[in-house]
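**Q** With the sequence up front, the predicted model follows.
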Amino acid sequence: MGKTLVAFFSASGVTARVAERLAKVAQADLFEISPKELYTEADLNWNNKDSRSTVEMKNPDCRPEIWSEVSDMSIYDTVYVGFPIWWYREPSIIDTFIESYDFSGKKIIPFATSGGSGLGDAPDNISKLAPGATVLPGKRMFPDESEKDMKKWIEEM
C-alpha cells in the first residue's frame, strides 16, 4: 500500500499551517511547493493589474518554476494538494506541480484556504492536468480548521 503526501503552496503562511495539521492527522509526508522566485507583498497585490500574481493568473499557460521536487512520487498513492484560492482557482504554481509528475492511478485531493470563495474551477483544472488520476472534489479549509474536523473529512472520503 502506498503512502500519503500533503503537498502545498502557501504565499502567506495560512495554507502552510493548515497543511501541517492535515499531514499530522493523515499521517502523511509533507512537501512545500516553493517557488524558485519567492512572492513579495507587492507580487501578491491582486488589486494591481501589473502585479506578478495578477499577470500569472491572467495567462493560463503560465508555469512558475518550483524550487525543489518530490524525490520519489511513485511511493505515494494519495496526494493532498493545498493552496490559497487565487481568482477562483488554484495558483499557476500548482499547475506547474501537477504537470511535473505522473499521477496515473493516484488519488489527488485538493484543499484550499480562502477568505470566502470555494475551490472554484480547481478540481476540474487539476483533473485536466493529471490524466489517469482520480481527482476528488476537495474541501475549502479554514485557517483554524480543527484536527477533529480534518479527521472526519478524511474518514468520509
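**A** Nice, thanks for sending it over.

**Q** and stretch 34-43, which residues are buried?
**A** Within stretch 34-43, the residues that qualify as buried are 35, 39, 43, counting by 16 or more other CB atoms under 10 Å. Using the backbone N, CA and C atoms, a C-beta is placed for each residue, glycine as well.

**Q** Please report how far the residue nearest the centre of the chain lies from residue 70.
**A** By CA atoms, centre = their mean, the chain has its centre lying nearest to residue 82, at 2.8 Å. Here residue 82 is placed at a distance of 14 Å from residue 70 (CB to CB, to the nearest Å).

**Q** Could you do residue 47 as well?
**A** Residue 47 sits 34 Å away from residue 70, going by CB to CB.

**Q** and the two? which has more neighbours close in?
**A** Higher neighbour count among residue 47 and residue 70: residue 70, with 18 against 6, using other CB atoms under 10 Å.

**Q** how about the more buried one, what does it touch?
**A** 5, 7, 31, 76, 101 (CB atoms under 8 Å, 6 or more residues apart in numbering).

**Q** Same check on residue 42?
**A** By CB under 8 Å, 6+ apart, the residues touching residue 42 are 48, 51, 52.

**Q** same check, this time on residue 152
**A** Residue 152 makes contact with no residue, according to CB under 8 Å, 6+ apart.

**Q** three-state assignment of it?
**A** Three-state call for residue 152 (DSSP: H, G, I helix; E, B strand; the rest coil): helix.

**Q** Would you map the strands across the protein?
**A** 3-8, 29-32, 76-84, 107-113, 134-135, 139-141 (DSSP state E).

**Q** Would you mind giving those strands as a markdown table with mean pLDDT and distance to residue 59 added?
**A** Formatted as a markdown table, the strands of the chain follow (pLDDT from 0 to 100; distance: least, CB to CB, whole Å):
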| stretch | mean pLDDT | distance to residue 59 |
| --- | --- | --- |
| strand 3-8 | 98 | 23 |
| strand 29-32 | 98 | 24 |
| strand 76-84 | 97 | 17 |
| strand 107-113 | 97 | 21 |
| strand 134-135 | 98 | 23 |
| strand 139-141 | 95 | 25 |
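
**Q** Distance to residue 14 added to those, as TSV?
**A** TSV is the format used below for the strands of the chain (distance: least, CB to CB, whole Å):
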stretch	distance to residue 14
strand 3-8	10
strand 29-32	13
strand 76-84	7
strand 107-113	5
strand 134-135	23
strand 139-141	9
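
**Q** Thank you, goodbye.
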